[in-house]
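S.K.: Mind looking at a prediction? Sequence and model below.
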Amino acid sequence: MNKELAVVMDVAGTILRMYRVAKDIEKGTILSNVVTWELIMERKGRVLVVPQIDPSLMLSYHPDDRLGKLIDGREQLLEISCSSSPVSKSRAMAILAGSQAKIGDLIDVYRNVAARCPGNYITAGMIIDAQLQEVAYALSTGGAPFPGLKDVLATLKDMGADIFVASGDSMRSLAYLRELGIDLSRVYPVSGPMKKKEIVVNLKSQYRRVVMIGDGLNDLYALKAADLGILTVQQDTRPTQKLRQAADRIITNIQELPKILGGDG
């Protein structure tokens, strides 16, 4: 017999307010408050690579060391989160190994975010351009829960909902969610658009009703696949019309969620 309700949540921009910083490697410029998906979708062949390592590890290296030195021997800890078109992990690793980008580029964005968002949730990664055979951007992200999130999660649990997380981030950074009372066995890390859809579809075979809450284009297919797709614009990540049309509901605050799922919204 199927359970009643599964609620699947994205993390960045959905349950955590994010501060993202990127460094354009070619130009050497720092870009604040970027939308990761927009940088990836600027051209085909771009892929986000997420190292499942503590970002502070890079501080033990000299800033002028090449990025390849950071990943050497740790290739198994690197995952592809999402891409604008298919790029194999082996190709992405080869580009990283030969990249002219420096560890200092990653340190620059990490320190920028750490100064703005002190806490446990800080990630770092790279956007690779397979056409250019180079790292296009170094990227770091920090976040903190939206106000009232813990109360929302507690209310959903009281309603009998099982809460799942599907995120493009690494499990290392998502371990922070334990502090919010989220069961880490129900957390799916390094989940791109199709993986998120797969998670929703699989849960639909186990639950009478599956709800997906997300804020970005990487949530598009999961929103469509869910029994109820909810787009949140609390982070204001400039959702496209296609994304808005994919959602059954649009909310401006995560605190609206219990009322909607309780049947009053």
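M.R.: Ah, there it is. Numbers count the residues shown, from 1 in each chain.
S.K.: And the strands in the stretch 151-265 of the chain?
M.R.: Taking DSSP state E, counting those that start in this stretch as the criterion, the stretch 151-265 of the chain carries its strands at 162-166, 187-188, 207-214, 228-232, 249-251.
S.K.: can you put the ones you listed in a markdown table and add mean neighbour count, distance to K102 and mean pLDDT?
M.R.: In short, each C-beta sits where N, CA and C put it, glycine included. Below are the strands of the stretch 151-265 of the chain laid out as a markdown table (neighbours: other CB atoms under 10 Å; distance: least, CB to CB, whole Å; pLDDT from 0 to 100):
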| stretch | mean neighbour count | distance to K102 | mean pLDDT |
| --- | --- | --- | --- |
| strand 162-166 | 23 | 33 | 97 |
| strand 187-188 | 19 | 32 | 96 |
| strand 207-214 | 23 | 34 | 97 |
| strand 228-232 | 24 | 36 | 97 |
| strand 249-251 | 16 | 41 | 96 |
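S.K.: Nearest to P55, out of the ones you listed?
M.R.: P55 lies closest to strand 187-188 among the strands of the stretch 151-265 of the chain, at 18.9 Å (CB to CB).
S.K.: what stretches of this structure score poorly on pLDDT?
M.R.: For the chain, the stretches flagged by pLDDT under 70 are 1, 118-120, 237, 263-265.
S.K.: for it, which helix is longest?
M.R.: When the chain is parsed with DSSP state H, its longest helix is helix 103-116.
S.K.: which other helices and strands contact the next helix or strand after that one?
M.R.: Scanning forward in sequence from helix 103-116 by DSSP states H and E, the next helix or strand is strand 122-129. Here strand 122-129 touches helix 36-40, strand 46-51, helix 89-98, helix 103-116, strand 134-145, going by 3 or more CB pairs under 8 Å, 6 or more residues apart in numbering; DSSP states H and E.
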